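*Asks:* Next one to model:
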Amino acid sequence: MLTSSFNDPATAQDMAILYPDIPQIGIPATIQGRPNATVGLQFKRTSAVSGDIGQQAGRRLTSHLWASNNATIYS
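*Replies:* Have a look, this model is predicted:
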């Protein structure tokens, strides 16, 4: 459960809002609906979170830092 993954209830609530448990629209799209227990019932949600952390967070931080220093950035 998402709320048990965080010590701060407010953080857990924010994560639940940002990453809703809607398997029909989750990633990866190759898994239709809710994954079975062998990969984890929250596999799509954790895939979205880990993808954002691993792939998007660094790009967004770098873009923000460059833009804040008046550098041209395309992202």
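*Asks:* out of everything not next to it in sequence, what's closest to the residue positioned nearest the centre of the chain?
*Replies:* By Cα atoms, centre = their mean, the chain has its centre lying nearest to Val49, at 2.3 Å. Excluding the flanking residues, the one nearest Val49 by Cβ to Cβ, 6 or more residues apart in numbering is Tyr19, at 5.7 Å. For the C-beta atoms, the positions are set from N, CA and C on the backbone; glycine is no exception.
*Asks:* Name the helix or strand for the residue nearest to the centre of the chain, please.
*Replies:* Following DSSP states H and E, one finds Val49 within helix 43-51.
*Asks:* got a list of contacts for the helix or strand just after that helix?
*Replies:* Reading on from helix 43-51 to the C-terminus, the next helix or strand found by DSSP H and E is helix 57-68. Defining contact as Cβ atoms under 8 Å, 6 or more residues apart in numbering, one finds that helix 57-68 is touched by 72-73, 75.
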